[in-house]
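> structure, please.
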Amino acid sequence: MWRNGIVKRGLKPASADRVARVLKAALNLAAADDPRIVNLRAWTNGLKRLPDGETARNVILADETVCAVVRTSYEIDHQLGLWIETLAGTGARESQVLRVEVQDLQDDPHAPRLMMPSSRKGRNRRIERKALPISRRLAAALRQAAAGRAPNAPLLDGVRQLSTAFKSIVERLGLDPEVTPYALRHSSIVRQLVGGIPMRIVAAFHDTSVAMIEKTYSRYIIGDPTDVMTRRTLLDFEPPAAAANVVSIMGR
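All right, here's what the predicted structure looks like:
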């Protein structure tokens with residue numbers, strides 16, 4: 001949990017693993033010289049790395065389920081609804097949405113966008129902002145939320161313990177208890193891949209790398225979702241029905 005926590009706060013996974021290995025070695029050395037620790041096997045098991053809560057199971061939600069999640073979130077609380085719709089519409093991480101400012105809303109009436117800050121991966125990484133297209137519905141909701149706020153103020157107020165609030169949505173809809181807000185990001189990535197968006201664009205849109213997309217989502221690309229894509233290429237060999245007012249020559 002500690003290792004996963006420092007990764008979520010911005011440390012690269014490789015760096016977190018190195019720190020964890022050093023700490024584990026130090027703790028094991030201390031345990032070997034501590035007579036109070038009599039069960040070293042239990043101690044060793046206790047130091048085993050837990051799976052990353054965000055990547056242990058990449059839950060992909062159907063489009064209609066994502067829409068139901070957004071609707072239900074608004075029924076519970078309007079602020080929660082804004083958060084869930086923003087996460088679902090952009091595929092961004094919670095940490096990115098937290099840093100979105102009022103001035104990041106490009107409220108074009110026909111093609112609104114949200115300037116999404118990049119994540120804090122590694123140390124001293126310069127934060128960049130990329131324009132992500134959003135729906136006019138979401139833009140209108142964000143515009144209303146931004147009313148009266150300074151340009152550099154947060155666009156959205158934080159939702160305390162978003163994961164806990166999300167559980168109430170999951171329970172109402174009868175979804176798998178393992179579904180978390182991060183499923184909205186997974187679903188956004190897979191939806192674009194299945195929709196034929198080039199992988200490089202999908203990676204840039206979601207502030208990640210092509211290598212990570214291939215490693216994490218390739219099994220979904222070659223799995224059931226391909227049914228949607230390949231079915232469009234199937235030919236219908238059934239001859240068209242003749243119109244009622246047309247008589248074939250052979251028939252005569």
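> and Ala131, helix, strand or coil?
Ala131 carries the three-state label strand when classified by DSSP: H, G, I helix; E, B strand; the rest coil.
> quick one: it from Arg93, how far?
17 Å (CB to CB, to the nearest Å). For every residue, glycine as well, the C-beta is placed using N, CA and C.
> more neighbours, these two?
Arg93 (21 against 13; other CB atoms under 10 Å).
> how about the contacts made by the more buried one?
Applying CB atoms under 8 Å, 6 or more residues apart in numbering, we find Arg93 in contact with 119, 182, 185, 207.
> at 7 Å what do you get?
With contacts defined as CB atoms under 7 Å, 6 or more residues apart in numbering, Arg93 is in contact with 119, 185.
> likewise Phe166?
Phe166 touches 180-181, counting by CB under 7 Å, 6+ apart.
> Thr164 sits in which helix or strand?
helix 162-173 (DSSP states H and E).
> cool, Ile201 as well?
For Ile201, the host element (DSSP H and E) is helix 199-205.
> give me the helices and strands touching that helix, please.
Judged by 3 or more CB pairs under 7 Å, 6 or more residues apart in numbering; DSSP states H and E, helix 199-205 is in contact with helix 182-194, helix 210-221.
> comparing those helices, which yields the minimum mean pLDDT?
Ranked by mean pLDDT, those bottom out at helix 210-221, which scores a mean of 79.
> pull the distance from that helix to the chain's centre.
In terms of CA atoms, centre = their mean, to the nearest Å, the gap separating the centre of helix 210-221 from the centre of its chain is 14 Å.
> now stretch 58-70
With CA atoms, centre = their mean as the basis, stretch 58-70 stands 11 Å off its chain's centre.
> CA atoms only for that stretch - export them in CSV, please.
The C-alpha trace of stretch 58-70 is given here as CSV (Å, rounded to 0.1, in the frame of the first residue of the first chain):
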residue,chain,number,x,y,z
ASN,A,58,-8.5,-3.2,-15.8
VAL,A,59,-12.3,-3.1,-15.7
ILE,A,60,-13.8,-2.0,-19.0
LEU,A,61,-17.4,-0.7,-18.9
ALA,A,62,-19.8,-0.8,-21.8
ASP,A,63,-20.9,2.6,-23.1
GLU,A,64,-24.4,2.3,-21.7
THR,A,65,-22.9,1.5,-18.3
VAL,A,66,-20.7,4.5,-18.4
CYS,A,67,-23.8,6.7,-19.2
ALA,A,68,-25.7,5.0,-16.3
VAL,A,69,-22.8,5.8,-14.0
VAL,A,70,-22.8,9.4,-15.0
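> average pLDDT across it?
On average, stretch 58-70 scores 91.
> Ser118 against Asp207, yeah?
Yes - Ser118 is in contact with Asp207 according to CB atoms under 7 Å; the separation is 5.2 Å.
> and the two? Which one has more around it.
Asp207 (20 against 16).
> and the residue nearest to Asp176 when sequence neighbours are not counted, which of the three is it?
Of all residues not flanking Asp176 in the chain, Val59 sits nearest, at 6.9 Å (CB to CB, 6 or more residues apart in numbering). The three-state label given to Val59 by three-state DSSP is coil.
> check which residues of the helix holding Thr164 are buried.
By 16 or more other CB atoms under 10 Å, the buried positions in helix 162-173 come out as 162, 165-167, 169-170.
> how about these, which pair is most distant?
Leu162 and Val170 (12.4 Å; CB to CB).
> residue nearest the centroid of this protein?
By CA atoms, centre = their mean, the chain has its centre lying nearest to Arg185, at 1.3 Å.
> tally of neighbours for the closest residue in space to it that isn't next to it in sequence?
Once flanking residues are discounted, Arg185 sits nearest to Gly91: 4.9 Å by CB to CB, 6+ apart. The local packing of Gly91 (other CB under 10 Å) involves 23 other residues.
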